[in-house]
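Q: Here is my input, please return the structure:
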Amino acid sequence: MSFKNISVAELQPLLAGGKVRLVDVRTDAEIAQGHIRGAEKLPLHLLPIRIGELDAGLPTVFYCQMGGRSAQAAAFAEKQGMRDVYNLQGGITAWAHAGGEVVR
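A: Residues are numbered from 1 along each chain as shown. Okay, the predicted model is just below:
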């Protein structure tokens, strides 16, 4: 595993500065319950066929509910040649617990 885990506290200033792409790999049903503002929706099962849509030159943070599926996504993206790939530790659950905004 060479992708990096990132905490909510580390992610917030990056998002505020517009310096990262945020990708939600949860299902449509989960996303309908709420997501992080500005996140792109790319369900994990579609990542292998849509990986080419992601700009490999832009730092990318994947997240899911708790961090497991997004870790898989980050590992896969890295194997496909993407650099600057991150997994949000604890997923949207950690984001919400830390007071991050969840939009519906």
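Q: Next up, the contacts around the closest residue in space to Gln33 that isn't next to it in sequence.
A: Nearest non-adjacent residue to Gln33, counting by CB to CB, 6 or more residues apart in numbering: Arg104, 7.4 Å away. (C-beta placed from N, C-alpha, C; glycine too.) When contacts are counted by CB atoms under 8 Å, 6 or more residues apart in numbering, Arg104 is found next to 32-35.
Q: Inside helices: which ones of these?
A: Secondary structure from DSSP state H places Ala32 of the contacts of Arg104 in helices.
Q: Is it possible to mark the buried ones in the contacts of Arg104?
A: Among the contacts of Arg104, the ones that count as buried by 16 or more other CB atoms under 10 Å are His35.
Q: wait, which of the contacts of Arg104 is closest to Glu53?
A: The closest of those to Glu53 turns out to be His35 (CB to CB; 18.0 Å).
Q: Surely the closest one touches Asp28?
A: No - between His35 and Asp28 there is no contact under CB atoms under 8 Å: 10.6 Å.
Q: what is in contact with these two at once?
A: Common contacts of His35 and Asp28 (CB under 8 Å, 6+ apart): Lys41.
Q: sorry, back to before: can you give me the distance of the residue nearest to Gln33 to Lys79?
A: Separation of Arg104 from Lys79 (CB to CB, to the nearest Å): 33 Å.
Q: what are the ranges of the helices in the chain?
A: According to DSSP H, the helices that the chain contains are 8-16, 28-32, 47-50, 68-79, 91-97.
Q: If anything else comes up later, I'll come back, but that's it for now.
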